[in-house]
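# got a predicted structure plus its sequence, pasted below:
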Amino acid sequence: MTGCNLLKAAIAAVALSCAAAAPASADIQKVQLNVVGGLSNLSQYKNYEQPFWTKRITEASGGKVTATITGFNDMGLKGPEILRLMSQGVIEFGTTVLGYTASDDPRNEAVDLAGIAPDIDTAHRVADVYKPVLDAFFRKKYGVKVLGLWPYPAQVLYCNKPISGLADLAGKKVRTGNRTLAEFTEALGGSGVTMAFAEVVPALQKGVVDCAITGTLSGNSAKWHEVSSHLYALPVGWSTLVHGVNLKTWNKLNAETQTFIEREIASLEDQIWKAAGEETQEGINCNIGQDPCVNGTKAKMTLVPVSDADRQKLTQVVNSVIVPKWVQRCGADCADEFNKTIGQVIGASAAK
């Protein structure tokens, strides 16, 4: 049996079973959906994705649509391969972090370029205006329909050494989850080190990296506070996730079922965006040992105040380094799409 067939057999549980033929009426079909979700050890999966697929979708459909969900990490996957597996039909409904797939195509980075969204409202507007562009691209490249975009809490710096601001990243090794964050780090004189989320705790503990970037609550849930001392809570990204479905799978569903699923996922999307804003502050609270801290563990990190000068520095890096480097690898078409969508939101222009 080939490696691909082995993988297909190993994750056959993520196949979607539809009725042999759509009913004559426009009623919702009776279907069983098996979904690959985000990281199962984080609050977003536990509090939103999992209950949505295992409870909400069934209740809202009157029992016609049922589902199971497994986090991609629990399947032995790291995230970058999700879109390719969806393209092959091995995974049919799936979630992954867009930044993890930057090596597939630079368009996958656009909504979460380092520093372009310094607050949750801006990040939400950026995702909304770019979603149609991403959907058209995904349909063509992967044979995948985009159903939702949502973020983790704000991506910030956890450091195992004292820092006072962005200038202190010079000479430091910083774990980054994607290429654009590595470029941000390097623009400040640091070294970007790309590594999987699960590898960060030992890397910080052993001094392989001096700092690491992740969500305020995500890092707390993963116990980064046990191996780092200082938290610099300037949002440099949102680790935006995409949730999609293989088009062949989608086209097996009748219009009523498609409309129902789209409507319900839009509601889930709204809930996660709202939660991400709230969990950004809660993650800060938990890391520094303050209330409210409901979804995390109280720790004793030092919160470094964010200066106006660093906010201005971030904007300068975005305009002079982040966007130009992205356009350089993505091309003139990407620049045009950016200027018509994201650029309108953030007041920036990508030069071709």
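Great, that's in hand.
# list phi and psi for Tyr232.
When quoted as degrees, to the nearest 10, the phi and psi of Tyr232 stand at phi -110, psi 100.
# tally of neighbours for it?
23 (other CB atoms under 10 Å). (C-beta placed from N, C-alpha, C; glycine too.)
# partner residues bridging it?
Residues found in beta-bridge contact with Tyr232 (criterion: DSSP bridges) are Leu157, Val304.
# all strands of the stretch 151-300 of the chain, in order?
155-159, 173-176, 191-194, 211-215, 230-237, 241-246 (DSSP state E, counting those that start in this stretch).
# the last one: how far from the chain's middle?
Yep, that's strand 241-246 we're talking about. Average the C-alpha atoms of strand 241-246, do the same for its chain, and the two points are 11 Å apart (CA atoms, centre = their mean, to the nearest Å).
# tell me which residues of it come out buried.
Within strand 241-246, the residues scored as buried using 16 or more other CB atoms under 10 Å are Leu241, Val242, His243, Gly244, Val245, Asn246.
# looking at these, which one is closest to Gly283?
Closest approach between these and Gly283, by CB to CB: Leu241, at 16.7 Å.
# surely that closest one and Leu149 touch.
Yes: the pair Leu241 / Leu149 is scored as a contact, 7.1 Å apart, by CB atoms under 8 Å.
# Val201 contacts His225, doesn't it?
No: between Val201 and His225 there is no contact under CB under 8 Å: 10.2 Å.
# more crowded one of these two?
Neighbour comparison, Val201 and His225: the larger count goes to His225, with 23 against 17 (by other CB under 10 Å).
# wouldn't Gly71 be in contact with Lys46 here?
No: Gly71 is not in contact with Lys46 according to CB under 8 Å; the separation is 9.4 Å.
# between the two, which contacts overlap?
Common contacts of Gly71 and Lys46, defined by CB atoms under 8 Å, 6 or more residues apart in numbering, comprise Ser40.
# which of those two has more neighbours?
The residue with more neighbours, out of Gly71 and Lys46, is Gly71; 20 against 15, by other CB under 10 Å.
# OK, contacts around the more buried one?
With contacts defined as CB under 8 Å, 6+ apart, Gly71 is in contact with Val36, Gly37, Gly38, Leu39, Ser40, Asn41, Tyr45.
# do Ser61 as well
Under the criterion of CB under 8 Å, 6+ apart, the contact list for Ser61 reads Ile28, Phe260.
# quick check: the farthest pair among the contacts of Gly71?
For the contacts of Gly71, the farthest-apart pair by CB to CB is Val36 and Asn41; their separation is 15.0 Å.
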